[in-house]
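Asker: please find the sequence and the predicted model below.
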Amino acid sequence: MRNDIEKILITETEIQKKIKQLGEQISKDYEGKYPVLICILKGGIVFLSDLMRSISTKVELDFMSLSSYGNSTKSSGVVKIKKDIDVDISNRDVIIIEDIVDSGLTLKYLNEYFKQHNSDSVKICTLLDKPNAHQIDIKIDYVGFEVGNDFVVGYGLDYSQKYRNLPYIGILKKEIYS
Ligand code: IMP
Ligand code: MG
């Protein structure tokens, strides 16, 4: 797998350090509360599993699966729910756990979707953000790292379902997807 990676962008150590900080911040912000962490599958699972262990308040977990990407590296802009949440989120504090925000279209959709379900609050926590790729104005509450527009893989992020198990974030060689 390493041969397919142009460059390691964020190391395992850097990721773990950042997740500790995010966990501390979330623990402070939600002190005495019981938020629902909604992990966006599949990319969010590695981040969720580390992040939740750095949060000291009680949390409930749920999962949601969406499709917008298929096997390409560009967003289709069309979001479809493949697996919905099971928890009743009315009057609950929701934190969406995402791997990466690119165009922002997925999160815009989710924000509106959760509001319709009468949640008390909805916040967004993403490991990576591509601020230069946003197509809409979107407020992200917790960001691990800002990255450029290169296509990245690892630590949950895939290209065509592969590379999710890399322990770091790397830039994929262009020849792999072009
Ligand atoms: P958005 O709707 O364009 O913000 O798309 C967000 C989703 O696209 C993320 O949850 C990822 O699944 C996927 N995505 C966007 N950029 C990348 C990337 O660089 N590597 C892997 N997946 C990506
Ligand atoms: Mg995703």
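Answerer: Perfect, thanks for sending it. Ligands and ions are numbered 1, 2, ... in the order given.

Asker: residue 176: helix or strand, and which one exactly?
Answerer: helix 174-177 (DSSP states H and E).

Asker: give me the distance from that helix to the chain's centre.
Answerer: 23 Å (Cα atoms, centre = their mean, to the nearest Å).

Asker: buried stuff in that helix?
Answerer: For helix 174-177, the buried set under the neighbour-count rule, 16 or more other Cβ atoms under 10 Å, comprises residue 176. C-beta: built from backbone N, CA, C; applies to glycine.

Asker: what's the mean pLDDT across it?
Answerer: In this model, helix 174-177 has a mean pLDDT of 90.

Asker: do it and ligand 1 come into contact?
Answerer: No - Helix 174-177 does not reach ligand 1 (Cβ under 6 Å from any ligand atom); its nearest approach is 10.0 Å.

Asker: tell me where this protein has helices.
Answerer: In the chain, the helices defined using DSSP state H lie at 12-29, 45-52, 105-116, 174-177.

Asker: Provide the contact partners of the first one at residue level.
Answerer: So the one you mean is helix 12-29. By Cβ atoms under 8 Å, 6 or more residues apart in numbering, the surrounding residues in contact with helix 12-29 are 47, 50-51, 53-57, 95, 125, 127, 142, 144-145, 155, 167-169.

Asker: quick one, it and helix 45-52 angle?
Answerer: Here helix 12-29 runs at an angle of 50 degrees relative to helix 45-52 (axes from the mean of the first three to the mean of the last three Cα atoms, to 10 degrees).

Asker: how about the residues of this structure near ligand 1?
Answerer: Within reach of ligand 1 by Cβ under 6 Å from any ligand atom, the chain has these residues: 43, 68-69, 75, 98-106, 151-153, 157.

Asker: what do you get if the cut-off is 5 Å, keeping everything else the same?
Answerer: Listed as neighbours of ligand 1 in the chain under the rule Cβ under 5 Å from any ligand atom: 43, 75, 100, 101, 102, 103, 104, 105, 106, 151, 152, 157.

Asker: how about those residues in CSV, adding neighbour count and pLDDT?
Answerer: As requested, those are arranged in CSV below (neighbours: other Cβ atoms under 10 Å; pLDDT from 0 to 100):
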residue, neighbour count, pLDDT
43, 22, 97
75, 17, 63
100, 22, 97
101, 22, 96
102, 23, 94
103, 18, 92
104, 22, 93
105, 19, 90
106, 22, 90
151, 17, 94
152, 26, 97
157, 23, 98
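
Asker: output stretch 31-38 in CSV with nothing but the alpha carbons.
Answerer: Provided in CSV are the C-alpha atoms of stretch 31-38 (Å, rounded to 0.1, in the frame of the first residue of the first chain):
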residue,chain,number,x,y,z
GLU,A,31,-20.0,18.8,30.5
GLY,A,32,-23.0,17.2,32.3
LYS,A,33,-24.7,16.5,28.9
TYR,A,34,-25.2,13.2,27.1
PRO,A,35,-24.7,13.9,23.4
VAL,A,36,-25.3,11.4,20.5
LEU,A,37,-22.2,11.0,18.4
ILE,A,38,-23.4,10.2,14.8
